[in-house]
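>>> could you work out the structure for the sequence below:
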Amino acid sequence: MVWALPGRASVSTQALVDRILSSGQMTRKEHLQLAATILSDQRLTQAERYHISRVFDELQAGRVMLVD
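Residues are numbered from 1 along each chain as shown. Got it, this is the predicted structure:
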């Protein structure tokens, strides 16, 4: 599983979210990374939580596809 380092989460998380939303596809590894990030003890800003939640909302609505 991929873990982001404290202080670097926003850059890698934002880049990952941007890539997922622009492509409309998310790998299972990326799914696990985002889930671990939002559920971990990391201090996320409201904006970071919003962007991650948006990806999961888009996935649930079928606008982002989970690929292997």
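>>> which residue packs closest to the residue nearest to the spatial centre of the chain, ignoring adjacent ones?
The centre of the chain sits closest to residue 34, judged by C-alpha atoms, centre = their mean, with a distance of 3.7 Å. Distances taken as C-beta to C-beta, 6 or more residues apart in numbering place residue 52 nearest to residue 34, at 5.3 Å, with adjacent residues excluded. Heads up, the C-betas are built off the backbone N, CA and C, glycines and all.
>>> SS state for the one you found?
Assigned state for residue 52: helix (three-state reduction, DSSP: H, G, I helix; E, B strand; the rest coil).
>>> cool, residue 26 as well?
Counting by three-state DSSP, the backbone at residue 26 sits in strand.
>>> strands along the protein, start to end?
If you assign secondary structure with DSSP state E, the strands in the chain sit at 25-27, 65-67.
>>> for the record, mean pLDDT for the last one?
Right, the one you point to is strand 65-67. Averaged over strand 65-67, pLDDT sits at 96.
>>> show me where pLDDT drops low in this protein?
For the chain, the stretches with pLDDT under 70 are 1-11.
>>> re the thing from before, please identify the most buried of the strands of the chain.
Of all these, strand 25-27 carries the top mean neighbour count, a mean of 16, counting by mean count of other C-beta atoms under 10 Å.
>>> which helices and strands does it pack with?
strand 65-67 (3 or more C-beta pairs under 8 Å, 6 or more residues apart in numbering; DSSP states H and E).
>>> centre of the chain to the strand it packs on, how far?
Chain-centre distance of strand 65-67: 13 Å, with C-alpha atoms, centre = their mean, to the nearest Å.
>>> cool, stretch 46-65 as well?
A distance of 8 Å separates the centroid of the chain from that of stretch 46-65, by C-alpha atoms, centre = their mean.
>>> who's in contact with it?
For stretch 46-65, contacts defined as C-beta atoms under 8 Å, 6 or more residues apart in numbering pick out 9-10, 13-14, 17, 20-21, 24-26, 31, 34, 37-38, 44, 66.
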